[in-house]
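Visitor: predicted coordinates and the sequence they were generated for:
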Amino acid sequence: MSDAKPPIAVVAAEVPPRAKLSGYPKDLVEKIGNRQKTVLGDLFGLKNFGVNITRLPAGSASALRHAHEKQDEFVYILEGECILVTNAGETPMKAGMCAGFRAGTGDAHHLVNRGGADCVYLEIGDRTLFESVDYPDDDLMVRPGPDGKSVYFRKDGTRVF
């Protein structure tokens, strides 16, 4: 983060999406499709939680299905429809609906867009260091590095990056 003074307010729709599609390994990035994430919290220097607006074109997913050990997440559907996939199964979601994912439950989740129109949602999550994330459907896990930041590993313990 630079020392520049953050803006007081912005028009969220005018903020360009993040250039990097994902931090996932190259062999897994294609599973999320053409997801577009616009990072908003960083614009204001927020340190304790992140805020993003995410656009899921048809055939895209919010993330690989995952469960956080320490970080809570919340999503609010702004436009369109998608399917919330959790350990309990599938739940259709549409504009005006929201869902929360409490840390430490082991309930893996993600959103998928199987429709024909874009789905746009607001996502909010905390930034707790020393986080572990499990991806039950994929050969991937996140474990904390010595500085507390996320490091990607294969399930056999091989470091990805």
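Guide: Arrived safely, thanks for sending. Residues are numbered from 1 along each chain as shown.

Visitor: what ranges do the helices span in the protein?
Guide: 26-29 (DSSP state H).

Visitor: please, where are all the strands along it?
Guide: Along the chain, counting by DSSP state E, strands occupy 36-39, 49-56, 67-68, 73-79, 81-86, 89-94, 98-101, 110-112, 119-126, 133-135, 140-144, 150-153.

Visitor: who wins for proximity to Ala19 among those?
Guide: strand 36-39 (10.1 Å; C-beta to C-beta). The way it works is simple: take the backbone N, C-alpha and C, and place the C-beta from them, glycine included.

Visitor: and that closest one, which strands flank it?
Guide: Here strand 36-39 is paired, per DSSP bridges, with strand 49-56 (antiparallel).

Visitor: relative to strand 81-86, how tilted is the strand it pairs with?
Guide: Orientation check (axes from the mean of the first three to the mean of the last three C-alpha atoms, to 10 degrees): strand 49-56 against strand 81-86 gives 120 degrees.

Visitor: now do the same end-to-end measure for stretch 100-109.
Guide: 10 Å (C-alpha to C-alpha, to the nearest Å).
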